[in-house]
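Visitor: Give me a model of this one.
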Amino acid sequence: MLRPRRKLSIWERFVIIPWTPVLGLLLFLFVDWVWALLIYLVASAASIFIAWKSWQAIGTPIVSGREAMIGATAEAMSEIEKDGQVRFRGEIWSAQAIEGQKILPGESVQIVRVEGLRVTVAKSPGTKLSSPSRMV
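Guide: Modelled structure (predicted):
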């Protein structure tokens with residue numbers, strides 16, 4: 001689910017954004033012009049970068065739970081046909097393969113469905129992993 005973008009307030013639209021460069025230009029009245037220009041350029045670049053990253057974060061979708069698992073990659077811990085196990089983000093899940101697929105231990109799989117504590121997986125188009133990870 002996407003969070004709607006926050007609208008800028010009147011204070012932000014008409015005071016903070018337009019007057020920040022003007023206030024920065026006041027440096028030229030109190031500091032040598034070379035230093036004022038250097039400070040102004042560095043501060044402007046930093047504020048543009050921070051504003052850009054903030055604007056990106058506002059529209060970033062929040063995904064958790066089942067929605068985050070579907071489409072993710074996991075590793076087969078055992079042979080999976082009707083019943084087996086996969087490792088997903090350090091956790092071992094009960095798994096079943098989609099109909100007609102046999103998945104060997106160590107293969108990369110993609111989660112296609114989550115039902116309770118059981119995931120349904122399909123062979124990932126990626127390569128085969130060397131060996132299943134072991135928990136120590």
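
Visitor: immediately after the top helix by length along the chain, which helix or strand?
Guide: Secondary structure of the chain per DSSP state H: the longest helix is helix 33-58. Going down the chain from helix 33-58, the next helix or strand is helix 66-69, by DSSP states H and E.

Visitor: if we can go back for a sec, relative to the whole chain's centre, how far out is the longest helix of the chain?
Guide: On the basis of C-alpha atoms, centre = their mean, to the nearest Å, helix 33-58 sits 25 Å off its chain's mean C-alpha point.

Visitor: any idea of the mean pLDDT in it?
Guide: Mean pLDDT, helix 33-58: 80.

Visitor: again with stretch 108-118
Guide: 91.

Visitor: from the chain's centre, how far out does that stretch sit?
Guide: Centre-to-centre, stretch 108-118 and its host chain are 20 Å apart (C-alpha atoms, centre = their mean).

Visitor: For that stretch, give me every contacting residue.
Guide: Contacts with stretch 108-118, where a contact means C-beta atoms under 8 Å, 6 or more residues apart in numbering, come from 66, 69-76, 80, 86, 88, 93-98, 103, 119-124, 126-129. (Each C-beta comes from the backbone N, C-alpha and C, glycine too.)

Visitor: So which of those residues sit within strands?
Guide: The strands, defined by DSSP state E, take in 73-76, 86, 88, 93-97, 119-123 from these.
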